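# Build the 3D model from these lines:
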Amino acid sequence: MSHSSAAARLQEIVYVFPSHSECEKRWNRTFGALLSGIPRYTGSVISPLPPQSLPSISFRTADVRLPSIFLRTAASIEAAAGKVSISSKDMPPAAAGLLDREDEASGAVSEDVPGDASSVNHTGPLSMTVLYSLLNGHIADLDHAGVNLPSRDMEEEQWEALMRSLSRITNLYRYPGEAWPFIIPATEQEFRDDISELHAVRMPKFEWVYDGYASLPVFQFALVTDFTRAELEARFPAPSGFSIPGLESIFRSVHVDSPWREALSIRVDLYYKRQQETPTDWETGAWLVQEGGRING
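You can find the predicted model right below:
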């Protein structure tokens, strides 16, 4: 194996959003209010399971022009697809949470939120406010987050170099049959030796997609809900709600509008309520570890 030292290990994946206009500020606050329903979401950070594993995933605002992803690591990583950048350097020092202190205390959303889901227009991407109205109080966890990088904006050599760099600083695993590798939270020993304990829940994971179809980069957020499949299909009917072929039995998806729609798309995947008592091979990471295997740079 060719892994970097513990000092260079990936500590945190940070989504950074602009917060200049009132529209941007409202979007950020509403998204932050939705995420605040996750028990492990504190101070804009979703701490990983199992305890003492890395990386965490966080959501912040800063003086940036467009949404970006910052990797907290001593290793040097720089990549871009379209107008979305991925960097381990120069995170704005004034980065703050999506919610300000008053919002965190009150759980307030600074827009009028419709209370009747039946009145929602489902003909296109949903606003973050409507998404909040339909999901508030029903989010249990973040299974994974991720980013889709269009192949039209990133040469295959650049993609492969990025994956090699990531594999040296974190536990990165193949998704069998697809260019969708996942980072799985792991302890320091598991970073050195690989994951062997495959019974406990491991989340949030982070997905990297080399996307041959998307015209824009995609930020994706896979939220665990307490809704059944029938309930989610009723709340998110077509055409705004849809299922990814082959994954219909696991989650329902929806595109979400944002102030940055010209630069990137945002997709939210809504996992159905868990029906079994014990964690699945997906939740524990066992399927990725055993069937996909670790990527070693």
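# Pretty sure residue 232 sits in a helix.
Yes - using DSSP: H, G, I helix; E, B strand; the rest coil, the assignment for residue 232 is a helix.
# In contact with the closest residue to it other than its chain neighbours, which residues?
Of all residues not flanking residue 232 in the chain, residue 252 sits nearest, at 4.6 Å (CB to CB, 6 or more residues apart in numbering). The way it works is simple: take the backbone N, C-alpha and C, and place the C-beta from them, glycine included. Contacts here follow CB atoms under 8 Å, 6 or more residues apart in numbering; on that basis residue 252 touches 229, 232-233, 236, 241-243, 269-270, 272.
# And residue 191, by the same measure?
Residues counted as contacts of residue 191 (CB under 8 Å, 6+ apart) are 3, 6, 9, 54, 170-171.
# Just the buried ones from the residues you listed?
3, 9, 54, 170-171 (16 or more other CB atoms under 10 Å).
# out of those residues, what pair is the most spread apart?
3 and 54 (13.0 Å; CB to CB).
# Give me the below-cutoff pLDDT ranges for the stretch 1-150 of the chain.
1-2, 4-7, 94, 100-122 (pLDDT under 70).
# which stretches of it form strands?
Applying DSSP state E, counting those that start in this stretch to the stretch 1-150 of the chain gives strands spanning 12-18, 41-42, 45-46, 56-62, 68-72, 78-81, 84-87, 96-97, 139-150.
# that older thread, closest to residue 151 among the contacts of residue 252?
Nearest member of the contacts of residue 252 to residue 151, counting by CB to CB, is residue 269, at 21.1 Å.
# Skip the chain neighbours and tell me the closest residue to the closest one.
residue 222 (4.2 Å).
# From what I see, that neighbour and residue 140 are in contact.
No - using CB atoms under 8 Å, residue 222 makes no contact with residue 140, being 11.8 Å away.
# Which one's more surrounded, the two?
Neighbours were tallied for residue 222 and for residue 140 using other CB atoms under 10 Å; the higher tally belongs to residue 222 (22 against 15).
# list the contacts for the more buried one?
142-146, 251, 268-269, 271.
# For the helix or strand hosting it, the averaged confidence score.
Following DSSP states H and E, one finds residue 222 within strand 218-225. Confidence for strand 218-225, expressed as mean pLDDT, is 98.
# How about that strand, which residues are buried there?
So strand 218-225, judged by 16+ other CB under 10 Å, has buried residues 218-225.
# Okay, angle between that strand and strand 139-150 too, please.
If you take axes from the mean of the first three to the mean of the last three CA atoms, to 10 degrees, strand 218-225 sits at 160 degrees to strand 139-150.
# Work out the sheet partners of strand 218-225 and label each with its direction, please.
Neighbouring strands of strand 218-225 in its sheet, by DSSP bridges, are strand 139-150 (antiparallel), strand 265-271 (parallel).
# and of the ones you listed, who's closest to residue 67?
Per CB to CB, nearest to residue 67 of the strands paired with strand 218-225: strand 265-271, 8.8 Å.
# about what we covered before: just curious, which of the contacts of residue 191 is nearest to residue 124?
The closest of the contacts of residue 191 to residue 124 turns out to be residue 170 (CB to CB; 36.0 Å).
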